Structures are given as structure tokens and as C-alpha cells.
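Peer 1: generate coordinates for the sequence data below:
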Amino acid sequence: MLKSKTFVKKTRSGGVLKVVREHYLRDDIWCGSEVCTECKQDSTVLQRDACIESSLCPYPHYLVPDTNVVLHQIDVLEDPVIRNVIILQTVLQEVRHRSAPVYKRLKDIIHEQGRHFYTFTNEHHRETFIEREPGESANDRNDRAIRVAVKWYSQHLKTLESGSDDLKVVLLTNDQGNKLKAEETVDEYIKSLIGNPELVDCLALSNDDKNEITSSKVLFPEHLPLSKVQAGIKSGSFLQGTFRASRDNYLEATVFVQGEGEDSTEVLIQGLQNLNRAVHQDVVAVQLLPKNQWVAPSSVVLQDDGAAKDDNVDEDEEEKVVNFVLLRATGKVVGIIKRNWRPFCGMLNVSQIKESTRHLFTPADRRIPRIRIETRQASTLAGQRIMVAIDGWPKDSRYPNGHFVRSLGGAGEKDTEEEVLLLEHDVPHQAFSQAVLNFLPKMPWSITPEDLAQRQDLRHLTVCSVDPPGCTDIDDALHCRELENGKLEVGVHIADVSHFIRPGNALDKEAANRGTTVYLCGKRIDMVPELLSSNLCSLRSNVERFAFSCIWEMNHKAEILKTRFTKSIINSKASLTYAEAQMRIDDANKNDDITESLRGLNKLAKILKRKRVENGALTLSSLEVRFHMDSETHDPIDLQTKELMETNSMVEEFMLLANISVAQKIYDEFPESALLRKHPAPPPSNYDILIKAAKSKNVMIHTDSAKALADSLDGAKVDGFQYFNTLLRILATRCMMQAVYFCSGMDSDFHHYGLASPIYTHFTSPIRRYADIIVHRLLAVAIGADSTYPDLMDKHKQSVLCNNLNYRHKMSQYAQRASVAFHTQLFFKTRGILNEKGFVLFVRKNAIIVLIPKFGLEGTVFFDAKDKASPNLVFNEEIPGVSVPAPEAEPQAKKRKLDR
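Peer 2: Numbers count the residues shown, from 1 in each chain. Next up is the predicted model:
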């Protein structure tokens, strides 16, 4: 049966276009139930014995959630207890339009066979399709469509002759209009599940519940409606930006406002009223305050302990963070454009009130406010890491309201903390799906004659790899040999991952989403399955592997005479660690081909590095620590800072050279769609902390250019303070902007500030970075080794991909740091008190941030503690620094000792 609508619309050129929309209705859409004998279905999803222990519905039943239940109660639907659910097409389409993350979660549940979720195409079924009535809103029409489908199911199951009299269909809703016509509300139904009382905690709060737990006192200004916000942004009275909460002070945040091109501004927000219920990473509208109300960033480290001031904004607390020196543009949040809420990991702070069901939850991320939840499992959840989702933040509540999602395990347990770390940094870490694994090569795999015909055979070359100890995902290998003409041939050979991962398939999409391999202490979250990362793509020694080779002809001054790129086959002669390669170079008795190749590479690398530094490349510093793990418990038994050798620098120089050579090639061939990497120069204000730190020791730092900064750092020395230069380089690293991927057709500034290179990309690590796979594809097309595809040449799609890669790369770095911090804590757990040398990195009004280089440890030391009197300190904003005034003369015995 065909239904069609005809309407006309005006085109841009003024013409009239007739549009006919056809909608097909069918009789062969089946109900999916095991009890049904009428529907001619090959397989069924909904079970005959659909029993959940419910006091409200003691009979067998199928559940039909409406759109709002799916959108707001997805945590409940994800629980394995909820089975035999009918998802209507109407609901699925609405959810898809309103929330992509919830839609993906719902699709994942539908694909779980054991859950018995059935999608019923009610919009194409002859008996369940309904037309929208005159004057009826789309929302009301969809509500009616859901009720019609439920009614059809009920009648359909009643007419069956297979003893299904007891089987009913229950519509779950919280919609006011539907409530009157529905059999059950979702809250009542979940509360009726006798065997699973813990599910009540997963219910998102309804508006009625939210009103119940708020106070009558209005604490925050009303958020403006979206229409007013949009009008304000258009007129210029409001600014739109991303809300970034401070880690150090819960009463302070900045809103990052992206301007035209590279221009961007930051608006400072201080005080609870001005923060106005915005949560980290929300997109908000801000209004600038008059200039006489502008303030400076706070010098106080302030954490929300929530002690006894649950719903009251402490005005004094806000007063003491105001600082009228170094004023910055200051504003207030007037509206929320887009919430960026996700389930948060953290700990439950059990209420002191006995029998109370309302408790505060403290997220692991200090930038997220505490969340008030209702749970009857407080005694069980105390001491566990749990996940909580925010439901809303009323203007009369000091904290947002939320609900319990699930428990992750005991706090401090290694597996639990690792799970928290991955979830908090949004690292995709689920096992690869079968759909992804289906695209892997079939084993045993071998190189065929066809492969040999399409590639250059370089198996005769003395190629070797140099990597950290224990590395199994070997991306790169090198060779160096003298040619008959007296010149040198140098090759960088990179794993040809793009041969195995073809554009657009499930494996490619999964790698693009993950973006990067994440290295934690003792664990690796792969971007591609292990068969590729540690076997077929890994350039292990004494096996034949596909490579993408970048080969230069150089003179002995490391000047490039010729460059060529080729798909190749190599056979690495050795897989060395940095230490092993260094020992070969240093051992005068060794003169084999591998060692001679390494010495040639090392000699050239030193010249390349000197040239880079002369051009203004920066040599910065960041502390990296390495753990020695217990082979059985996998706990850290020793910790040391990583030592860099000449061979580290040798490999780095040739990787940089290959990346620059490839960047120039793909940009020359594809000026609009090359995937490049840039490092923007920091704004001058970023260097304030570095300049002040150097000035405190009477050292001048010049930041006019990368070269000026590099020269200043080289000359920054203080007698008797050997570590001073390293400290300055660590601080200089903190001043830098994040390096980012971008599409050449969407930007004009390609410069890489840190490397002092006019163009740069990533080509050398395709096993662990998806950006490199795209660069390999571009290079392959450029040299005629592979064919192109539409998305590769689409600069807008490339730009969207770059945004995801930048996000994943940043999160991966944060996850790695958090893993090091956790393992450092594990290491110290059994060590007792240790005395080590530390250095003050930053000074705040009420605390100092201290660095302990030996352990790469950084922490905040507060001057005042709850059980001790605060020392009398004088804070100097200019340096910044603190001093203790000389005590007045008093008897020796009465002198108060200060803790060091």
C-alpha cells in the first residue's frame, strides 16, 4: 500500500518545485514474539516466558518505552535485568535526532542477543501507521503513534491461540499526556521490581523529584531562554564559548571564545553566582561585566570540601579570591547553549544523617562539581568507585542532582583505578568487535608474487629498528650505507599499515574513532587489533614485512640531494633497544654492517640536530619516569626517571626529517586536502610564569621568537643551582600551546613553533596514530601506488577527522600522566616516609606546588591545615612569592615550630 504527499516549494532562483513524498505501508512486518503463530517470521526476539519479578505487573509482559524514557533512563534500560523490550521505529527515530550518544547506546543494547530488544517498524505497518491530524504537533502525533502501536500489540497477542492470555504489553512513560492513558510510569514500574531494588538508584530524577530535594532559597540567577541567548550573541551583547573550570579553584573558570581564524579570547568567571551552574566543557553564553568589576585570576588554591554549607553560597569565600592586580576581561554565565554532561567516576560521601538516602558524590575530576544523588545502597557503595550521571541543576540547589549508574569496584584496586582512568579520559577500550576482526588478514599470512611485483624489494639492505625495551609495535626501521659515488643513502622504513586497513571498512572506522594507541604503565590500549600491531605490521627482525620507505641521498654534511618514496618489502636485521644500539656505536671492536649503519646514522643525526637548533628549534624538558614491574603482581617495585641517550636523539632526528619530507610532498600534490601538524606560537602572556621564575634568580628570558627563547634557555644558569636550567625548561614546556592536526585547505598558518619548521606532519607511527594512516594514503596516491577515494580529498571531512584526532591525542596524554601518578602512589604505599630533594615550581597565596625530580612527582602543599594554626605569611603577587616575617623577640622556650 502506498501513501503519498504532494507539496510545492520555492527554489532560490524563484522557481516552483513540485515534491512528491511516498510512504510505503506493508502487511509483512512481524511482531517478533515467540508466542505468535500468525506472523510468518523466520526468527523471533521476544521470549514466550517474559517474566520480570514485579509487584505492579505480576504477569508475563513486554515493555514499550516512549522516547523520553529512552533519552532519560538509558542507564536503567542498559541493566541486564530489563529484557523483552519493544523499541518502536517512532522512538528510535526521535532518539536518533535528539541524542547521538543515547542512540548509539540503544543500538548496542538492541544488538545484544541475550537482552531480547526488538525493533518494530510501526511507521511502515499498515495497522500502526497514523497520519498527523490538522493542528496536531509532531510531538503529539508521535505520542499517539506510540499508543496506537501498543494497542495493536495488545490486541494482536490477545487473538493468538497459543495460551498467551496472560502476556501483556506495558507502555513505560513519564510524559504527562501519556501518563493518563498509559498503564505504568517508568518510576512506578522500576520501584515495583521486587528482585532488583538497586535499580531504583539508576532512575534519573523526574521534575517532581527535583522539586522535592531543592530548597526554597534561590541561589543562582535564572538561565536565559535559548531565543534570548541567540539574539544576544547575534547583537554582540553576549559571547559564546566553552566553559573551562579551574582545577585549582572551584570558584573560578574561564570561557574560551573562538574568534575569526586564529583569534580567540578568554573571559574570566569568578564566584558561584557568575559561574551560574555551568559545568566543565559546557558551551555557554557569557556577558562581560563593566570594566570596574573586572578581576585578576585568583592566587588561592581552593577545593570544595562541602562541609556544612550544602545549600549556602559563602560570600566570604568569594570575597577572598578577588584580586585587583593584573585585571582580565571578566564576565558571568547568562545561559547554557549545550550541556556536555557524561557519566562521571568518583566516590560517595555518605551523609552523616542516619537512615538518609541523599548523599553527595565527589567526582574524580576536580573540575566537576559535587553531585547530590539518592541511593539506598550507601553502606555498600562507601569505599567504592562509582559512576554517576547528572540529571539537572535547579537554581535553588547548591549542587546538581543526579543518579547512580553503576559501581566500578573498590577504590585503590588496580583494575578499578585503571577503569576509572580510561572512562574519565574517554579512551575507547572495549574489545574489538567481530565486525572489526572480520577485516583482518587470514592466517597464515605470506607475501605473494603479486605483492613483490608492486613493491621495491629492499630485503638485501641492512635495516634495523631501535626502540624502548619491551616494544612489540615496531613502527619504524632505519638504514644507512655508502654509495659508489661517495654519497650516503639513508632510509626510513615505516610499517605499511594502510595496506591492511582499507578506507571505510569497520576496521578503518574503529581505528579512526580510537585515533591513537594509549600507553599506560604496564598496559597498552591498541588502536588496531594485536594481529596487526604486534605481528603483521610490526617491523620485527628476521621476518619479511611491507613498508613505506622514505629514502634520501645525502652528502656527508647531511644535506639532502635526492628524496624518493616507495612502497617496499624489507627484512629487518636487528630489533635493538636504545641501550643496545648505543653500546654497539660505542664499542670500537664492533665493525659489522649493522653497527656501521648505526654509526653513519648517528653522525648525520648530530649534524641535523645542530642545524635545527641553529634555526631556532626548542629543546624543552618534561619529567618522564619508568617503572619496573613485579612479573607476578604487576605492581611497581622500582621507579626511576628515564635517561635519554644519543640513540634516542638519532631516531628522533630521522623521524622528524621523514615527517617534514612527506609533509612537503603531500602538500605539493594536494594543497587543499593534506593532513598536516602545526604548533602555534604561544601568546606573550603565556610566558609570564617563565619570565617571573627566571627573574627571581636575576636571569633574563627573551621570548620574541623561538630562536630568542632557545638562546635564552641555553644561557640560563645559576651558580650553585645545577637543576635551575632543567626547571626553566619544564616551565617553558608548560607555556607552550598544544600541537594540532589540521587540513591544509582550512588553514593558512602551517608553522611548527617548537621544531622551527615551516611545514610538518606525522608519517612515522601508523601502528599507533591514525593521522599517519591518512598521510600514508595521501602519499601513496601522490606517488601512484594507490587509488584515492572521495573522503580523502574532502577538506571538510578531513577537518572533522582532525578535531577527533586532536581530542583523542590530548586525552591519551592525560590518561598516560594519570596512570603514572597512580602507579607512583602504589609505589609509595609501602615505602613509609622518604626524604628527597624537591623544588618549588609555583607559589600561591595559600600553597606551594612542589616538584620532586627523582620521582617525577608534583604536588600541592597547603600552608594551613585544619588541625594547625596557619603561619603568618606575606604573599607578593609580583614575583609571585611568600615570605615569613621575622618573629618578634620572645623567650626561646615559647617559640612555635613551623612544619617544613
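Peer 1: where does residue 772 land in three-state SS?
Peer 2: The assignment at residue 772 comes out as helix when based on DSSP: H, G, I helix; E, B strand; the rest coil.
Peer 1: quick one: contacts for it?
Peer 2: Applying CB atoms under 8 Å, 6 or more residues apart in numbering, one finds that residue 772 lies in contact with 494, 497, 762, 763, 764, 765, 766. For glycine as for every other residue, the C-beta is placed from the backbone atoms N, C-alpha and C.
Peer 1: relative to residue 655, how far out is it?
Peer 2: Between residue 772 and residue 655 the computed distance is 11 Å (CB to CB, to the nearest Å).
Peer 1: show me the common contact partners of those two, please.
Peer 2: The overlap between the contact sets of residue 772 and residue 655 (CB under 8 Å, 6+ apart) consists of residue 764.
Peer 1: in CSV, list the contacts of residue 772 along with pLDDT and neighbour count.
Peer 2: Rendered in CSV, the data for these read as follows (pLDDT from 0 to 100; neighbours: other CB atoms under 10 Å):
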residue, pLDDT, neighbour count
494, 97, 27
497, 96, 26
762, 96, 25
763, 96, 31
764, 95, 25
765, 95, 21
766, 96, 30
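Peer 1: max pairwise distance over these: which two?
Peer 2: Distances among the contacts of residue 772 were taken as CB to CB; the most separated pair is 497 and 762, at 12.6 Å.
Peer 1: was I right about residue 223 contacting residue 277?
Peer 2: Yes - shown here, residue 223 and residue 277 form a contact pair, counting by CB atoms under 8 Å, at 7.4 Å.
Peer 1: which residues do the two both contact?
Peer 2: Common neighbours of residue 223 and residue 277, counting by CB under 8 Å, 6+ apart, are 336, 395.
Peer 1: higher neighbour count, those two?
Peer 2: Here residue 223 and residue 277 are compared on neighbour count by other CB atoms under 10 Å; more neighbours surround residue 277, at 22 against 19.
Peer 1: helix, strand or coil for that one?
Peer 2: Applying three-state DSSP to residue 277 yields a three-state assignment of coil.
Peer 1: quick check: closest non-adjacent residue to it.
Peer 2: Of all residues beyond its chain neighbours, the one nearest residue 277 is residue 393 (4.4 Å), with distances taken as CB to CB, 6 or more residues apart in numbering.
Peer 1: what about that neighbour, distance to residue 222?
Peer 2: Distance from residue 393 to residue 222, counting by CB to CB: 12 Å.
Peer 1: who has more neighbours, these two?
Peer 2: Summary of the neighbour comparison: residue 393 and residue 222, criterion other CB under 10 Å, with residue 393 having more neighbours (25 against 10).
Peer 1: quick check: the more buried one touching residue 371?
Peer 2: No - shown here, residue 393 and residue 371 do not form a contact pair, counting by CB under 8 Å, at 9.2 Å.
Peer 1: find residues that contact each of the two.
Peer 2: Taking CB under 8 Å, 6+ apart as the contact criterion, the common neighbours of residue 393 and residue 371 are 399, 400, 401.
Peer 1: what is the nearest of the residues you listed to residue 11?
Peer 2: Looking at the shared contacts of residue 393 and residue 371 and their distance to residue 11, the nearest is residue 400, at 47.5 Å (CB to CB).
Peer 1: ok, now which ones touch the nearest residue to residue 859 once chain neighbours are set aside?
Peer 2: Leaving aside its chain neighbours, residue 859 sits nearest to residue 850 (5.9 Å; criterion: CB to CB, 6+ apart). The contact partners of residue 850, taken as CB under 8 Å, 6+ apart, are 838, 839, 840, 841, 858, 859, 860, 861.
Peer 1: show me the two of those that sit farthest apart.
Peer 2: Greatest spatial distance among those (CB to CB): 839 and 860, at 14.1 Å.
Peer 1: just to revisit the earlier point, drop anything exposed from the contacts of residue 850.
Peer 2: Burial by neighbour count, 16 or more other CB atoms under 10 Å: within the contacts of residue 850 this picks out 838, 839, 841, 858.
Peer 1: which residues does the last one form beta bridges with?
Peer 2: Translated: residue 858. Beta bridges link residue 858 to residue 851, judged by DSSP bridges.
Peer 1: doesn't residue 840 make contact with it?
Peer 2: No - with contact taken as CB under 8 Å, residue 858 and residue 840 are classed as non-touching, separated by 11.0 Å.
Peer 1: any shared contact partners between the two?
Peer 2: 849, 850, 851.
Peer 1: now the residues you listed in a markdown table, with pLDDT and distance to residue 681?
Peer 2: Written out in a markdown table, the entries for those read as follows (pLDDT from 0 to 100; distance: CB to CB, whole Å):
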| residue | pLDDT | distance to residue 681 |
| --- | --- | --- |
| 849 | 86 | 26 |
| 850 | 89 | 30 |
| 851 | 86 | 26 |
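Peer 1: any idea which of those is closest to residue 651?
Peer 2: Within the shared contacts of residue 858 and residue 840, the smallest distance to residue 651 is 28.0 Å, found for residue 851 (CB to CB).
Peer 1: burial of that closest one, as a residue count?
Peer 2: Each residue near residue 851 was counted by other CB under 10 Å, and the total is 21.
Peer 1: do residue 68 as well
Peer 2: Number of residues near residue 68 (other CB under 10 Å) recorded here: 20.
Peer 1: name the element it belongs to?
Peer 2: When elements are defined using DSSP states H and E, residue 68 is found to belong to helix 67-72.
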